[in-house]
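> below are the sequence and a predicted model for it; my questions follow.
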Amino acid sequence: MKKILALAAVAALTAGVSAYAANPFSDVTPSDWAYQAVVDLSEQGVVEGYPDGTFKGERNITRYEMAQIIARMLAKEDQLNAEQRATLDKLAGEYADELANLGVRVSNLEKKVGNIYWSGDARMRYQSKSLDQKDGWNGRIRINVKGQVNDSTYVQGRFLNEMDFKGNDTSSTSMDQLYVNHNFGKDVSVRLGRQPISFGDQAGWLNNGHDGYDGGQIAYNNGKLSLATGYGQFNSTFGDFAYDANDNNKSDFYFARGAYDFNFAKLGVDYIAYQDKHNVVEEGKINAAGDKAKVNFEGTKPELFGVNLNIPVQQFNVFGEYWKNTTAPSALEDTAWNAGLSYGAANWKKPGTWDLSVAYNSVGNGVYLGATGWQTNILDAVANAKQLKFWNAMGDVTLAKNVQLHAEYAFAADADQGADPDDAWTVSLNYKF
């Protein structure tokens, strides 16, 4: 059905192709690899041609015309052999934007083999750390695989490998995500398995995009309003409170969240309810190492509420977030908040685009969930302080298509009832494929 719709879209658009003669698409010359690839496919009887039905492999054509040729081949992809299909997938990837303008959904066909789709990212990162920790020089690669079961169901997995370049770390590869997603119509979906999760709207104290949970969720999204609720258990260090005496992140929890786009602003709300108690490090108890002793001081079942707001103003974005742990013991700081300003947007496909943001953060030890999307180690100080206040600046610039430089700087930190951490910074090269 999708291929029939795609063909219909091409036919409708090609009927008036003369009106697009002045379209500013750049020319594809006979010396371009894509042009040669189409010539080769034409000689194999695969190419049906462009608007007039014949392919003239002797003059320049526009990228728009090339996209029409590719769309026609996509409509009969199941008739191609493996080599022809691989060539077509590469062409579809090169002309994805033009195909999208034609209404043809290519779904990253350059990364598709049958019903399997591959994608990934890699990072090379240097970290100048605070808290007397050694500087870091490390790498990470993540490979995503998506299996399209049918029009409504897919299975998603992710392989992860992290490596320390400064030590003798041989590293190991693991699968940190594996879940199934089923769509009910276009707005409702159900997901089961080990899956990613994030809360709030900034990559700080409740959103790291790396760890997740084992469980299920049901979600609704109509483009303006999004709602989700689920139940499960956090995995890795995400969900392990900084104050927890037993490092008990393997707690069942349920959550609910929602967001609405008002066009002039976007508002989000979150709720997290733990089903197990998290014990607290008892004040005044010092062990032989001079650190606070981890003792069984009875805690509570954490219950957190959060709200976040983004207000775009031309190229700027004003953002803020507030969280509260409503069941935190009195010995803990039960709130966290931040406010900041960003400018620009680094587009992975557009070299030279960039963004920059700066924010002030106040993070209580009764709220921080023990994992962060920030790449400095500044938040490690929360484990030995009641509250940490600091500034954070970060920026991205797209150096080439699918290549970005990222940098962060955390500074002017003030720890309540703890040692103030030094400034920390990091820089990394990031790649998508």
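Perfect, thanks for sending it.

> ok, which stretches of the stretch 1-150 of the chain are strands?
Counting by DSSP state E, counting those that start in this stretch, the stretch 1-150 of the chain has strands at residues 27-28, 61-62, 112-113, 116-128, 136-148.

> the third one - what's its average pLDDT?
Going back to what we said before, that points to strand 112-113. For strand 112-113, mean pLDDT is 54.

> same thing with the second one?
Mean pLDDT, strand 61-62: 74.

> stretch 303-323 too?
Computed over stretch 303-323, the average pLDDT equals 94.

> which other residues reach that stretch?
199-202, 204-206, 264-274, 324-327, 335-345, 357, 359, 367 (CB atoms under 8 Å, 6 or more residues apart in numbering). Yep, even glycine has a C-beta here, placed from its N, CA and C like the rest.

> narrow those to those in helices?
Within the contacts of stretch 303-323, no residue falls in helices by DSSP state H.

> buried set for stretch 402-415?
For stretch 402-415, a neighbour-count test (16 or more other CB atoms under 10 Å) marks 404, 406, 408-411, 413, 415 as buried.

> inside strands: which ones of the contacts of stretch 303-323?
Counting by DSSP state E, the part of the contacts of stretch 303-323 found in strands is 266-274, 324-325, 335-344, 357, 359.

> pretty sure Met66 contacts Leu99?
No - Met66 is not in contact with Leu99 according to CB atoms under 8 Å; the separation is 9.8 Å.

> one step back: quick one, which of the contacts of stretch 303-323 are buried?
199-202, 204-206, 266, 268, 270, 272-274, 324-325, 327, 335-338, 340, 342, 344, 357, 359, 367.

> re the thing from before, intersection of neighbour lists for Met66 and Leu99?
By CB under 8 Å, 6+ apart, no residue touches both Met66 and Leu99.

> contacts only, for Arg191.
Contacts of Arg191 (CB under 8 Å, 6+ apart): 179-182, 216-219, 230.

> can you tell me which of those is nearest Gln375?
Tyr179 (25.7 Å; CB to CB).

> quick check: beta-bridge partners of that closest one?
Gln156, Gly193 (DSSP bridges).

> I'd like to know how far it sits from Ala393.
35 Å (CB to CB, to the nearest Å).

> now Phe159
For Phe159, the distance to Ala393 - CB to CB - is 33 Å.

> kindly report the same for Gly147.
Relative to Ala393, and taking CB to CB, Gly147 is found at 40 Å.

> nearest residue to Ala265 other than its sequence neighbours?
Ile311 (4.7 Å; CB to CB, 6 or more residues apart in numbering).

> pull out the buried residues from the helix or strand harbouring Leu160.
Here Leu160 sits within strand 153-164, counting by DSSP states H and E. By neighbour count on 16+ other CB under 10 Å, the buried set for strand 153-164 is 154, 156-158, 162.

> swap in stretch 371-384?
Quick answer for stretch 371-384 (16+ other CB under 10 Å): 371-372, 374-384.

> also stretch 72-83?
Buried-residue list, stretch 72-83, by 16+ other CB under 10 Å: 72-75, 77, 80.

> between the residues you listed, which sits nearest Leu131?
For the buried residues of stretch 72-83, the nearest to Leu131 is Leu74 (53.9 Å; CB to CB).

> now do that closest one against Ala96, distance only.
12 Å.

> ok, Gly185 next?
26 Å.

> between those two, tell me which one has more neighbours.
Ala96 (20 against 8; other CB atoms under 10 Å).

> beta-bridge partners for the residue nearest to Ala265, please?
Val318.

> number the residues from 17 up from this point.
Shifting the count to begin at 17 puts that one at Ile327.

> count of residues packed around it?
With other CB under 10 Å as criterion, Ile327 counts 14.

> where's it relative to Gly216, distance?
16 Å.

> swap in Gly152?
26 Å.

> got it, and Asp48?
46 Å.

> now do Val196
Counting by CB to CB - Val196 and Gly216 are separated by 26 Å.

> now do stretch 233-246: everything it contacts.
Against stretch 233-246 from outside (CB under 8 Å, 6+ apart): 203-207, 211, 231-232, 247-248, 270-277.

> what residues of it count as buried?
233, 235, 242-244, 246.

> what's the end-to-end length of that stretch?
Terminal residues of stretch 233-246 lie 4 Å apart, using CA to CA, to the nearest Å.

> now that stretch: mean pLDDT?
94.

> okay, now the unreliable bits of the stretch 267-416 of the chain?
Where the stretch 267-416 of the chain drops to pLDDT under 70, the residues are 294-315.

> name the nearest residue to Val171, sequence neighbours excluded.
Gly163 (4.5 Å).

> can you verify my assumption that the one you found contacts Tyr170?
Yes - Gly163 is within contact range of Tyr170, at 6.2 Å (criterion: CB under 8 Å).

> what residues are shared contacts of these two?
Counting by CB under 8 Å, 6+ apart, nothing touches both Gly163 and Tyr170.

> Ala108 contacts Ile86, correct?
Yes - between Ala108 and Ile86 there is a contact under CB under 8 Å: 5.8 Å.

> what's the overlap in contacts for the two?
Joint contacts of Ala108 and Ile86 (CB under 8 Å, 6+ apart) are Leu115.

> which one of these two has more residues nearby?
Ile86 (29 against 23).

> wait, the more buried one sits on Tyr111?
Yes - the pair formed by Ile86 and Tyr111 meets the contact definition of CB under 8 Å, at 5.7 Å.

> now, the buried residues of stretch 418-431 that are in strands?
420, 422, 424-427, 429, 431.

> just put these in TSV and tack on pLDDT and distance to Asp148.
Shown next, in TSV, are those (pLDDT from 0 to 100; distance: CB to CB, whole Å):
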residue	pLDDT	distance to Asp148
Gln420	98	30
His422	98	25
Glu424	96	19
Tyr425	97	19
Ala426	95	15
Phe427	97	17
Ala429	95	14
Ala431	94	14
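
> farthest-separated two in the residues you listed?
Gln420 and Ala431 (31.8 Å).

> ok, Gly173 - contacts?
Counting by CB under 8 Å, 6+ apart, Gly173 has contacts 160-162, 191, 193-195.
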